[in-house]
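1. I'd like to go over a predicted model; first the sequence, then the structure.
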Amino acid sequence: MKRIDIYFVLASLCVSAVACSVRQEIKRNVPQGWNTVSVHNLFTFDAPPSINEIPVQGIDSLVGKYEIDGIELWYDYGQYSSTLEEYSDHPGYMRQKVTVDGRKADLVQTNDGHMRIAFSGVSGGSTLTLSASYSMPSSGDTVRKILESVQFAK
């Protein structure tokens, strides 16, 4: 009987490992009336019309910052962009493998108002990371739609 229990546990772990490694293809779902924001002809993303760009200065990468109805959104495009591990100790930390605009990415979300997506190997070994912070839980859906709307210049 114990041998069967061990096999069941091992089989369950294998199934869980495979399920966690499956990459989800994200289909664009941009709400009507949103604006497309172009970033230096490298990539675009869609956002509500209330988006405001905030001037920032990067050191070793291309960076930008925006505010949208209580959401703070920023991007970092360069060789030293985020690994997405900064929030691994936050409550509800969840990392998901996704594909957006045909590119592999990692999407990280926490229960305390943080969401990020990172595309590795974008151009010449660079990484594009888009990050968002928000205080209202209802903003999570808007943030996810913004992050999933990324399209790279062809």
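-> Cool, the structure landed. Numbering: from 1, shown residues only.

2. which non-adjacent residue is nearest residue 49?
-> The spatially closest residue to residue 49, leaving aside those adjacent along the chain, is residue 35, at 5.4 Å (CB to CB, 6 or more residues apart in numbering). All C-beta spots, glycine's among them, are computed from the backbone N, C-alpha and C.

3. and the one you found, what is it in contact with?
-> 46, 47, 48, 49, 51 (CB atoms under 8 Å, 6 or more residues apart in numbering).

4. and the buried ones among those, selectable in PyMOL?
-> In PyMOL, a selection of the buried entries from these looks like this (16 or more other CB atoms under 10 Å):
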select buried, resi 46+47+51
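
5. in a markdown table: the contacts of residue 35, plus secondary structure, distance to residue 125 and pLDDT.
-> Formatted as a markdown table, the contacts of residue 35 follow (DSSP: H, G, I helix; E, B strand; the rest coil; distance: CB to CB, whole Å; pLDDT from 0 to 100):
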| residue | secondary structure | distance to residue 125 | pLDDT |
| --- | --- | --- | --- |
| 46 | strand | 27 | 97 |
| 47 | strand | 28 | 97 |
| 48 | coil | 33 | 97 |
| 49 | coil | 35 | 97 |
| 51 | coil | 29 | 97 |
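
6. ok, which pair from the contacts of residue 35 is furthest apart?
-> 46 and 49 (10.4 Å; CB to CB).

7. residues that sit against both of these two, list them.
-> Residues touching both residue 46 and residue 49 (CB under 8 Å, 6+ apart): 34, 35.

8. what's the separation between residue 75 and residue 92?
-> Between residue 75 and residue 92 the computed distance is 23 Å (CB to CB, to the nearest Å).

9. with neighbour numbers in mind, choose between those two.
-> residue 75 (23 against 10; other CB atoms under 10 Å).

10. got the contact list for the more buried one?
-> Listed by CB under 8 Å, 6+ apart, the contact set of residue 75 reads 39, 62, 63, 64, 128, 129, 130, 131.

11. what lines up beside the host helix or strand of it in the sheet?
-> Element membership for residue 75, per DSSP states H and E: strand 71-78. Sheet pairing for strand 71-78, assigned by DSSP bridges, gives strand 62-68 (antiparallel), strand 127-134 (antiparallel).

12. so what's the spatially most central residue of the chain bridging to?
-> Residue closest to the average C-alpha location in the chain (CA atoms, centre = their mean): residue 117, at 1.8 Å. In this entry, residue 117 is beta-bridged to residue 107, residue 130, by DSSP bridges.
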